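**Student:** What shape does this take:
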Amino acid sequence: MKLRAWALLTAFLLPTSGLATPSATDLPVQARVSGEADSESVFTLPPGGRLSVLLIAAQPRDTAYLLGAALLREHERAQQVRLRAGLAHDLAELQRSPSPVLAEAAASLSVWLQAHAPTGRIIPQLMDMRLLQVQPLQDPVLQQGDVVQLPARPTTVRVIGAVAQECTLDHEPRRDAKAYLRSCPATVAADPDLLFVIQPDGRVQQLGSAAWNRSDPQPVAPGGTVYVPLRVSASNGVDEHFNEEFAAFIATQPIAP
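**Tutor:** As a prediction, this is how the structure comes out:
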């Protein structure tokens with residue numbers, strides 16, 4: 001009977017509020033869905049329950065921006081805590097730079113970092129429930145306490161890093177990442193050869209922005225971020241991977257509800 005009950009639960013998943021509490025030995029998993037979903041709730045899944053099952057049960061609305069959806073897992077936070085601590089240390093060192101412009105850019109990034117906590121976001125993560133069903137390797141087994149956030153579609157793109165001031169700009173379809181800098185100019189602390197794009201699904205793209213290494217035009221999706229890196233010649237003095245790691249931390253930040 002237990003096996004049959006779990007099979008039925010997998011096929012017809014309901015919010016926890018409507019389910020009898022399974023015995024502790026069955027090790028059910030509770031996961032929460034928030035945001036643009038018809039059933040915004042905590043769901044109980046049988047052992048081995050996958051993300052696609054949860055999404056089908058939650059029924060994302062047409063207003064849900066699946067490209068920016070996020071799966072948050074407590075276990076992943078520990079690594080992100082360490083990454084954030086390392087970045088904070090590097091920025092503290094960079095703020096002691098004899099270059100006032102570099103020190104100011106490092107201070108600005110430090111303020112941004114302090115305002116953004118580790119989230120446990122798993123990236124990249126496919127969030128199309130039908131595609132997940134036919135690509136089981138991309139359909140993760142959920143763990144206790146997982147959270148899925150389904151934001152509404154944003155209309156802006158952020159530009160941060162070695163810029164005069166952090167900018168939130170209107171998204172323009174097919175606009176190249178570098179073109180956004182016309183509205184949010186870089187400072188002399190910026191590396192002239194590199195640019196990072198963090199797409200809303202958490203993918204990080206490193207682009208060449210100089211004449212000798214120019215990448216093909218790269219549009220930024222709504223809710224994406226353009227990170228203007230610090231000069232490699234300066235950041236290498238504290239960590240040769242600083243810019244890559246900072247871009248990776250940006251990718252852990254979901255789109256705000």
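
**Student:** Quick check, A234 in contact with L94.
**Tutor:** Yes: using CB atoms under 8 Å, A234 is in contact with L94, at 7.0 Å. All C-beta atoms are positioned from the backbone trio N, CA, C, and that covers glycine.

**Student:** Between these two, which contacts overlap?
**Tutor:** Taking CB atoms under 8 Å, 6 or more residues apart in numbering as the contact rule, A234 and L94 both touch L102.

**Student:** between the two, who's got more neighbours?
**Tutor:** When neighbours are counted by other CB atoms under 10 Å, L94 comes out ahead of the other of A234 and L94, with 24 against 19.

**Student:** Can you name the residues that contact the more buried one?
**Tutor:** Here L94 is in contact with 102-103, 105-106, 230, 234-235, 238 (criterion: CB under 8 Å, 6+ apart).

**Student:** Test of understanding: give the bridge partners of C167.
**Tutor:** On the basis of DSSP bridges, C167 is bridged to V159.

**Student:** Look up how far R214 lies from it.
**Tutor:** 22 Å (CB to CB, to the nearest Å).

**Student:** out of these two, which sits in the more crowded spot?
**Tutor:** C167 (17 against 12).

**Student:** unless I'm mixing things up, that one is touching T156, no?
**Tutor:** No: in this structure, C167 is not within contact of T156 by CB under 8 Å, at 9.4 Å.

**Student:** Can you lay out the contacts of L94 as a markdown table showing distance to L113, secondary structure and pLDDT?
**Tutor:** Listed next are the contacts of L94 as a markdown table, based on distance: CB to CB, whole Å; DSSP: H, G, I helix; E, B strand; the rest coil; pLDDT from 0 to 100:
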| residue | distance to L113 | secondary structure | pLDDT |
| --- | --- | --- | --- |
| L102 | 16 | helix | 95 |
| A103 | 15 | helix | 96 |
| A105 | 13 | helix | 96 |
| A106 | 10 | helix | 97 |
| L230 | 13 | strand | 97 |
| A234 | 17 | helix | 89 |
| S235 | 14 | helix | 90 |
| V238 | 14 | coil | 91 |
